[in-house]
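# quick check, what structure comes out for this input:
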Amino acid sequence: MNVDPNITKYLIKVKIIADGVVEKPDVVGAIFGQTEGLLGEELDLRDLQKSGKIGRIEVEIDSKKGRTEGTVLIPSGLDQVESSILAASLETIDRIGPCKAKVDVEEVEDVRQEKRKKVIERAEQLYKRMSESGKTVSESIIASVREEVERGEIISYGEDRLPAGPAIKDSDAVIVVEGRNDVLNLLKYGIKNTIAVQGTNIPKTVQKLSKERTTTVFLDGDRGGDLILKEMLQVAEVDFVARAPPGTEVEELTYKQIVKALRYKTPTEQYLAMKGMNEDLKNYQERNDKSNEKEKQEATNDESHEVHEKREHHEHQREQQHSREEMKDQRENQRVQQRENHSEENRENQPKKDVEEVMQNQSKTEPEDQKKEFSPEDMDNVKRKLNYLLNSKETEVFDEEGKTSGSFSLAEAPEKIENMDKVSYVLTGGVISQRLIDICHKKGARVIYGVRRGNITKKPEDMKVVPLEEA
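The predicted structure is shown next:
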């Protein structure tokens with residue numbers, strides 16, 4: 001079947017079954033004839049086909065044994081809803097030509113979705129092809145540029161003009177390798193503190209470096225690497241040994257192999273013991289012992305000189321400290337004398353206390369009988385107690401009979417009240433806070449008196465909160 005792709009958004013697929021022999025014109029005539037006027041003028045098939053919103057109706061039928069079956073394809077340029085309504089209307093057809101017929105809509109296919117799938121599949125193929133070719137080109141460019149840069153980074157170091165990485169001048173640790181290509185390979189992976197010995201005859205430049213810095217020998221996994229190691233142990237100071245896998249060379253190693261070898265480098269003495277190189281181990285230990293004795297002797301000389309300098313420095317510091325203490329004592333004596341003179345003048349000129357100060361001091365003391373009992377109905381008694389608690393910065397708790405259950409400082413009052421069994425009245429010389437209200441309400445308090453009311457957001461209905469100004 002040929003379906004016009006220019007107008008097709010959806011493709012209506014219809015299956016027809018007729019009890020008799022019919023031809024294609026019969027099927028097309030039944031579709032136009034039996035749907036005419038069914039959906040109104042806007043969805044009339046003839047008008048839609050004339051306006052180009054419906055394409056050519058394609059019919060394929062096959063007649064066998066007096067029975068006809070086939071498929072009808074109707075391309076639609078309408079939207080989803082209109083195409084669905086049009087498809088549903090086709091199922092109202094009950095006769096084709098002179099025969100009874102049954103029409104079923106199998107599906108309404110979104111042609112654009114199929115196109116999208118094909119576009120995506122083709123785009124993936126094109127992208128893979130493009131990325132593979134581009135990757136090959138880019139990798140070759142990167143490799144060539146990197147190689148040129150690495151060659152430019154290699155320097156000639158020391159009197160022997162040995163191939164080395166650019167960081168060899170400043171690094172605290174050095175990696176000794178066999179040849180120039182080994183240095184190049186390590187440079188490729190960002191390791192720049194390398195230097196090559198260029199054979200089994202260890203240059204003086206490497207010997208000197210090994211005595212000044214932490215030295216790791218990174219050698220090939222063959223007999224040549226063993227010979228260079230023995231030579232290094234005889235003329236240089238080697239701290240660690242790293243080896244390439246057996247049968248491989250450092251210049252052939254990948255980044256992962258290089259990192260693994262350097263990460264698991266072995267202290268020289270341990271390496272020789274593991275490999276059974278007993279003679280080399282003995283010589284290495286003797287040389288280390290001699291070197292340590294020499295260092296100890298130099299350290300002893302330096303230490304005696306340093307001790308003498310420290311002793312002189314400490315004596316000088318003690319003298320300075322003594323003089324500072326004397327000056328401090330003199331200043332302290334002067335201040336004491338001044339205070340005594342000032343106190344004497346104050347005693348001579350001090351006026352008598354006024355009535356208000358006497359009254360205030362008297363309010364700080366509370367008679368013993370008022371401390372013991374409390375009367376919530378006597379507001380004068382409440383005010384006196386609040387004034388007393390304000391000055392003493394305390395909170396006092398009373399039982400139902402007005403007897404004191406406890407007296408606490410303002411800071412610890414909430415926790416103390418929370419540990420009590422039951423309280424009836426609470427007088428605080430501080431602010432009535434929300435926390436204090438919550439704790440006292442849990443313990444059954446009926447009234448809380450305080451100096452002033454805090455930021456209270458929730459007050460129980462069965463509890464009175466009375467600040468001093470309202471008492």
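# show the contacting residues for Glu412.
Not one residue lies near Glu412 by CB atoms under 8 Å, 6 or more residues apart in numbering. C-beta: built from backbone N, CA, C; applies to glycine.
# and the gap between the residue lying farthest from the centre of the chain and Phe32?
The outermost residue of the chain, judged against the average C-alpha position, is Pro98 (77.7 Å), by CA atoms, centre = their mean. Computed as CB to CB, to the nearest Å, the Pro98 to Phe32 distance reads 17 Å.
# what do you get for Ala18?
Per CB to CB, Ala18 is found 17 Å from Phe32.
# more neighbours: those two, which one.
With neighbours defined as other CB atoms under 10 Å, Ala18 and Phe32 compare such that Ala18 has more, 25 against 13.
# so what pLDDT did that one get?
Ala18 carries a pLDDT score of 92 in this model.
# ok, it - contacts?
Contact analysis of Ala18 by CB under 8 Å, 6+ apart lists 67-69, 96-97, 99-102.
# now Glu153. Nearest residue, chain neighbours left out?
Leaving aside its sequence neighbours, Glu153 sits nearest to Pro166 (CB to CB, 6 or more residues apart in numbering; 5.2 Å).
# look up how far Gln207 lies from the one you found.
22 Å.
# do the same with Ile54
Distance, Ile54 to Gln207, by CB to CB: 95 Å.
# which one's more surrounded, these two?
Using other CB under 10 Å, the more surrounded residue of Ile54 and Gln207 is Ile54, with 24 against 14.
# what about the nearest residue to that one once chain neighbours are set aside, how many residues nearby?
Spatial nearest neighbour of Ile54, chain neighbours left out: Leu48 (4.1 Å); criterion: CB to CB, 6+ apart. Using other CB under 10 Å, Leu48 is surrounded by 20 other residues.
# who's in contact with Leu48?
Counted by CB under 8 Å, 6+ apart, Leu48 has contacts 54, 78, 86.
# right, and out of the residues you listed, which lies closest to Ile432?
Leu78 (76.7 Å; CB to CB).
# for the closest residue to that closest one other than its chain neighbours, grab the count of nearby residues.
When the adjacent residues along the chain are set aside, Leu78 lies closest to Lys53, with 5.8 Å between them (CB to CB, 6+ apart). When neighbours are defined as other CB under 10 Å, Lys53 has 19 of them.
# can you pull the phi/psi pair for Lys53?
Torsion angles at Lys53 (phi, psi; degrees, to the nearest 10) stand at phi -80, psi -20.
# before we move on, the earlier item: okay, and which of the contacts of Ala18 map to strands?
Mapping the contacts of Ala18 onto strands (DSSP state E) picks out 67-69, 96, 99-102.
# any low-confidence regions in the stretch 1-150 of the chain?
Within the stretch 1-150 of the chain, the stretches with pLDDT under 70 are 1-7, 134-139, 141-150.
# in it, which spans are strands?
Counting by DSSP state E, counting those that start in this stretch, the stretch 1-150 of the chain has strands at residues 10-18, 58-64, 67-76, 95-96, 99-110.
# can you redo those strands as a markdown table with distance to Arg116?
Formatted as a markdown table, the strands of the stretch 1-150 of the chain follow (distance: least, CB to CB, whole Å):
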| stretch | distance to Arg116 |
| --- | --- |
| strand 10-18 | 14 |
| strand 58-64 | 23 |
| strand 67-76 | 18 |
| strand 95-96 | 36 |
| strand 99-110 | 9 |
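# which of those is buried the deepest?
strand 95-96 (a mean of 22; mean count of other CB atoms under 10 Å).
# and the strands in the stretch 301-450 of the chain, which stretches?
According to DSSP E, counting those that start in this stretch, the strands that the stretch 301-450 of the chain contains are 394-398, 404-409, 425-428, 431-432, 447-450.
# and the contacts of the first one?
Which is strand 394-398. Residues from elsewhere that reach strand 394-398, judged by CB under 8 Å, 6+ apart: 374, 385, 389, 404-410, 413, 417, 420, 423-430.
# report the buried members of those.
Buried by 16 or more other CB atoms under 10 Å: 374, 385, 389, 405, 408, 410, 413, 417, 423-430, out of the contacts of strand 394-398.
# what's the closest of these to Gln113?
Closest to Gln113, out of all of the buried ones among the contacts of strand 394-398 and judged by CB to CB, is Ile417, at 74.2 Å.
# contacting residues for that closest one?
By CB under 8 Å, 6+ apart, the contact set of Ile417 is 395, 397, 406, 408, 423, 426, 436, 439-440, 443.
# quick check, pLDDT for it.
What the model reports for Ile417 is a pLDDT of 90.
# same deal with Arg435?
89.
# burial of it, as a residue count?
10.
# circling back: of all the strands of the stretch 301-450 of the chain, which one is nearest Thr248?
Smallest distance to Thr248 across those (CB to CB): 79.5 Å, for strand 404-409.
# now the closest one, how far from the centre of its chain.
52 Å (CA atoms, centre = their mean, to the nearest Å).
# name the helices or strands packed onto that strand?
Here strand 404-409 touches strand 394-398, helix 413-418, going by 3 or more CB pairs under 8 Å, 6 or more residues apart in numbering; DSSP states H and E.
# rerun that using 7 Å as the cut-off
Contacts defined by 3 or more CB pairs under 7 Å, 6 or more residues apart in numbering; DSSP states H and E place strand 404-409 against strand 394-398.
# in the stretch 201-350 of the chain, which spans are helices?
Remark: helices assigned in the stretch 201-350 of the chain by DSSP state H, counting those that start in this stretch are 204-212, 223-235, 255-263, 268-275, 278-349.
# how is this protein partitioned into domains?
Annotated domains of the chain cover 10-111, 155-285, 371-470 [automatic domain parsing].
# among the ones you listed, which is nearest Ser131?
Relative to Ser131, the nearest member of the domains of the chain by CB to CB is domain 155-285, separated by 23.2 Å.
# out of the buried ones among the contacts of strand 394-398, which one sits closest to Glu109?
Using CB to CB, the buried ones among the contacts of strand 394-398 come closest to Glu109 at Ile417, 79.4 Å.
# my read is that Arg435 contacts Glu418, right?
No - counting by CB atoms under 7 Å, Arg435 stays clear of Glu418, with 9.8 Å between them.
# what's the nearest residue to Glu159 if we skip its chain neighbours?
In this structure, Glu159 finds its nearest non-sequential neighbour in Thr205, 5.9 Å apart by CB to CB, 6+ apart.
# what's near enough to touch that neighbour?
By CB atoms under 7 Å, 6 or more residues apart in numbering, the contact set of Thr205 is 157-160, 162.
# list buried members of the residues you listed by neighbour count.
157, 162.
# I'd like to know how many residues surround Arg243.
By other CB under 10 Å, 22 other residues sit near Arg243.
# in this structure it contacts Val217, no?
No - Arg243 is beyond contact range of Val217, at 8.7 Å (criterion: CB under 7 Å).
# name the nearest residue to Phe32, ignoring sequence neighbours.
Per CB to CB, 6+ apart, closest to Phe32 is Leu45, 5.5 Å.
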